[in-house]
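*Asks:* Task: produce atomic coordinates for the following.
(4 chains)
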Protein chains: 2
Amino acid sequence: MKNIRFKCWVEEEGQKFYGPGPNELVKRIQTEGSLSKAAGQMNMSYKKAWDLVQRLNNHSEKPWVILRKGGQHGGGAEVTPHAVKAMQEYDSLQQKIRELLEQQEDMIRIF
Amino acid sequence: MKNIRFKCWVEEEGQKFYGPGPNELVKRIQTEGSLSKAAGQMNMSYKKAWDLVQRLNNHSEKPWVILRKGGQHGGGAEVTPHAVKAMQEYDSLQQKIRELLEQQEDMIRIF
DNA sequence: AACCGTTATATACAGGAATACATAACGCGC
DNA sequence: GCGCGTTATGTATTCCTGTATATAACGGTT
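*Replies:* Have a look, this model is predicted:
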């Protein structure tokens, strides 16, 4: 019937920096090697995906995604090791919260 | 610099049922005894607040807020014991997640 | 019956976010 | 130098959510 959901994200100066959306996008970039393909797969406009990548790269010490235009296959997108590490940490945190909520599943009957 | 934030809520059939907004509204109703005053305090339109209360009352076994119109003071709003209990549970859950995040605060340096 | 402050309800309006669209730029291979 | 597929960037448009506005209904007090 009813169920509990949650969302967690990283903010900087009150602006959203990293959350579920970016997390999924970067994952898809990693497997596809293309920003446009990654965006298309999750029904996100290319513009939004591009803006998102800029935000990640510009508001962090290390870059997350390297974009290359032109060349043999027209270009492509590559995920840095730093991004891989960060994704792992985010996934781990999400999992911890998920486990906490599963423990608290009884309380939902009240609602 | 960067910090982690979260949000948790109760859903029914994919529709939001109870979250931070309703939680604050019901709290203010409890102290004010008036729906319009509670809405005004948190810069929420009366219509939105009223719709919200209807949703709580109609999609739950027990009512959350009893609204009375007319009478000595024009009417008023009263929070039921069931709502009080539910608010406590929600606050408790939020607190548990907050504590979990505090333990994980180190990981944020990666971002 | 008139007054009062609140709840009840519909409609019109505005703002902002997401999207769609269009076009340019790039660099390798042929 | 042309074609290709991708990235790069601005502009227009749509859509949706919330807000503003207006009006009615209610019931106790006087």
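*Asks:* So which residue is smack in the middle of chain A?
*Replies:* residue A:23 (1.2 Å; Cα atoms, centre = their mean).
*Asks:* so which strand or helix has that residue?
*Replies:* Residue A:23 is part of helix A:20-32 when elements are defined by DSSP states H and E.
*Asks:* What's the first helix or strand after that helix?
*Replies:* Helix A:20-32 is succeeded, C-terminally, by helix A:35-41 (DSSP H and E).
*Asks:* Helix or strand next in line after that next one, which one?
*Replies:* helix A:46-58.
*Asks:* now that following helix, how far from the chain's geometric center?
*Replies:* Averaged C-alpha coordinates place helix A:46-58 at 11 Å from its chain's average position (Cα atoms, centre = their mean, to the nearest Å).
*Asks:* list the buried ones in the helix ranked longest in chain A?
*Replies:* In chain A, assigned by DSSP state H, the helix with the most residues is helix A:81-103. By neighbour count on 16 or more other Cβ atoms under 10 Å in any protein chain shown, the buried set for helix A:81-103 is A:83, A:86-87, A:89-90, A:93, A:96-97, A:100-101. Yep, even glycine has a C-beta here, placed from its N, CA and C like the rest.
*Asks:* That one vs chain B: in contact?
*Replies:* Yes: using Cβ under 8 Å from any Cβ of the partner chain, we find that helix A:81-103 touches chain B at A:82, A:85-86, A:89, A:92-93, A:96-97, A:100-101.
*Asks:* if we look at the longest strand anywhere in chain A, which residues are touching it?
*Replies:* Using DSSP state E, we find that the single longest strand of chain A is strand A:2-12. Contacting residues not belonging to strand A:2-12 are listed as A:16-20, A:59, A:90, A:93-94, A:97-98, A:101, A:104-105, A:108, A:111, B:1-12, B:17, B:93, B:97, B:101, B:108, B:111 [Cβ atoms under 8 Å, 6 or more residues apart in numbering or on different chains].
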